[in-house]
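> dropping a prediction and its sequence here:
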Amino acid sequence: MPEPYIPEPPAAPEPAAAGGGAAGAHALPGPLWKDGPARPGCAKVDPIITADAVRKSFGGLVAVDVEHIEIPRHAITALIGPNGAGKTTFFNLLTGFDKADRGYWEFDGARISGVPAWKVARRGQVRTFQLTKAFGGLSVLDSMKLGARGQLGERFWASLVPPLWRAQEQRIEERALELLTQFTLYEKRNDLALSMSGGQRKLLEMARALMSDPQLVMLDEPMAGVNPALTQSLLGHIVRLKEQGMTVVFVEHDMHMVQATADWVVVMAQGKVVAEGVPAEVMADPIVIDAYLGANMDRDLHEVVEQIRSEYAATHPAGGPDDAE
Ligand SMILES: Nc1ncnc2c1ncn2[C@@H]1O[C@H](COP(=O)(O)OP(=O)(O)OP(=O)(O)O)[C@@H](O)[C@H]1O
């Protein structure tokens with residue numbers, strides 16, 4: 001289980017780099033944002049998502065209240081924040097899995113607010129879930145095939161022309177096997193998906209999301225409940241998605257993972273975006289530290305860390321027993 005992290009200001013944070021990115025191995029070609037210092041809602045050079053006045057409440061509780069946000073294209077953005085900050089709810093809204101009270105958002109220049117999840121996915125924006133979805137009694141390969149977009153075989157006219165759907169079926173199977181190989185799950189292709197470890201199911205979910213050749217992949221706590229060996233492998237896969245030209249947004253509690261992977265960090269607290277920027281600067285931001293510690297600043301830090309750890313453990317059961325790959 002990943003441990004929650006209380007950010008500590010680094011001794012000398014790096015100034016905003018021209019590339020705006022984190023790990024040098026996969027540096028970006030140019031800055032991600034425009035006009036002055038990074039701040040909540042700052043304009044991006046090339047946003048893939050733009051959202052305005054997004055609000056969602058549950059009874060009297062305002063879970064999400066985001067004024068304006070832009071997600072940079074071809075970058076890895078980490079969405080962080082304390083438990084209950086509204087991260088998953090915001091994911092659900094952007095991907096059409098939940099309905100906002102109000103708000104407008106665009107994906108790749110076209111409105112997708114109010115668009116249902118399956119249509120959002122068809123347009124090229126897919127997501128995975130914090131707790132891996134049930135795969136029913138399907139084999140690994142069959143659950144991959146279900147992730148394919150626009151299967152001709154499902155269409156009436158195509159069903160009248162068997163060669164058409166056969167060709168489509170074959171392409172889908174080839175793509176599934178290719179992705180299973182990439183995600184080191186090829187040997188498991190005929191196993192029941194349910195028989196796999198929690199970490200392997202996370203890999204399968206990520207691989208399945210790619211069956212529709214998305215432009216944007218949103219991962220909700222991809223590393224939660226995953227053992228350290230598989231965590232490294234998942235990190236590698238996330239970085240590779242960007243190298244393959246995709247944009248990635250992921251929710252993560254472990255700041256070491258965020259620093260190792262993200263080019264950009266968005267911090268939510270109490271439903272709002274309270275900070276944005278490159279990882280080193282965001283971690284040093286007193287607003288971020290305050291968001292994590294809240295009203296606990298006067299308490300012993302170890303005591304606070306232990307409390308947050310136990311709260312996190314109680315609300316985030318492991319996804320299942322983990323095997324190494
Ligand atoms: N279906 C729901 N019904 C009622 N309240 C909800 C519902 N979903 C979320 N909430 C509440 O909305 C707030 C934001 O929850 P959300 O799960 O989005 O936060 P989060 O930042 O993803 O938290 P975590 O890091 O613990 O997963 C919380 O107070 C939560 O209890």
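Right, received. Where do you want to start? Residues are numbered from 1 along each chain as shown.
> immediately after the top helix by length along the chain, which helix or strand?
For the chain, the helix with the greatest residue count under DSSP state H is helix 162-182. Using DSSP states H and E, the next helix or strand after helix 162-182 towards the C-terminus is helix 198-209.
> shouldn't residue 281 be in contact with residue 38?
Yes. The pair residue 281 / residue 38 is scored as a contact, 6.9 Å apart, by C-beta atoms under 8 Å. Every C-beta, even on glycine, is put in place using the N, C-alpha and C of the backbone.
> next, the contact list for residue 140, please.
The contact partners of residue 140, by C-beta atoms under 8 Å, 6 or more residues apart in numbering, come to 180, 185, 188, 189, 190, 191, 192, 193, 196, 204.
> which of the residues you listed sits closest to the ligand?
residue 204 (21.3 Å; C-beta to the nearest ligand atom).
> that closest one contacts residue 196, correct?
Yes. Counting by C-beta under 8 Å, residue 204 does reach residue 196; the two are 6.7 Å apart.
> just give me how far the helix or strand harbouring residue 91 sits from the chain centre.
Element membership for residue 91, per DSSP H and E: helix 87-94. Taking C-alpha atoms, centre = their mean, to the nearest Å, one finds the center of helix 87-94 at 10 Å from the center of the full chain.
> go on, stretch 114-121?
17 Å.
> what does that stretch contact?
95, 96, 97, 99, 107, 112, 123, 149, 212, 214.
> so which of those residues wins on neighbours?
residue 107 (23 neighbours; other C-beta atoms under 10 Å).
> please report phi then psi for that residue.
Here the main-chain torsion angles of residue 107 (degrees, to the nearest 10) amount to phi -120, psi 120.
> partners of it in the sheet?
Using DSSP bridges, the bridge partners assigned to residue 107 are residue 49, residue 110.
> gap between it and residue 100?
Noted for residue 107: a distance of 14 Å to residue 100, by C-beta to C-beta, to the nearest Å.
> how about residue 232?
36 Å.
> between those two, who's got more neighbours?
Taking neighbours as other C-beta under 10 Å, residue 232 and residue 100 compare with residue 100 leading, 23 against 14.
> isn't there a strand covering the more buried one?
No. Assigned with DSSP: H, G, I helix; E, B strand; the rest coil, residue 100 falls outside any strand and is coil.
> I'd say it and residue 57 touch.
No. Residue 100 lies out of contact with residue 57 (C-beta under 8 Å); the separation is 9.7 Å.
> just the ones in strands from the contacts of stretch 114-121, please.
Among the contacts of stretch 114-121, the subset assigned to strands under DSSP state E consists of residue 107.
> now the contacts of stretch 114-121 as JSON lines including distance to residue 86 and pLDDT?
As requested, these are arranged in JSON lines below (distance: C-beta to C-beta, whole Å; pLDDT from 0 to 100):
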{"residue": "95", "distance to residue 86": "14", "pLDDT": "93"}
{"residue": "96", "distance to residue 86": "17", "pLDDT": "93"}
{"residue": "97", "distance to residue 86": "14", "pLDDT": "91"}
{"residue": "99", "distance to residue 86": "15", "pLDDT": "95"}
{"residue": "107", "distance to residue 86": "20", "pLDDT": "96"}
{"residue": "112", "distance to residue 86": "19", "pLDDT": "94"}
{"residue": "123", "distance to residue 86": "24", "pLDDT": "89"}
{"residue": "149", "distance to residue 86": "29", "pLDDT": "53"}
{"residue": "212", "distance to residue 86": "27", "pLDDT": "84"}
{"residue": "214", "distance to residue 86": "24", "pLDDT": "91"}
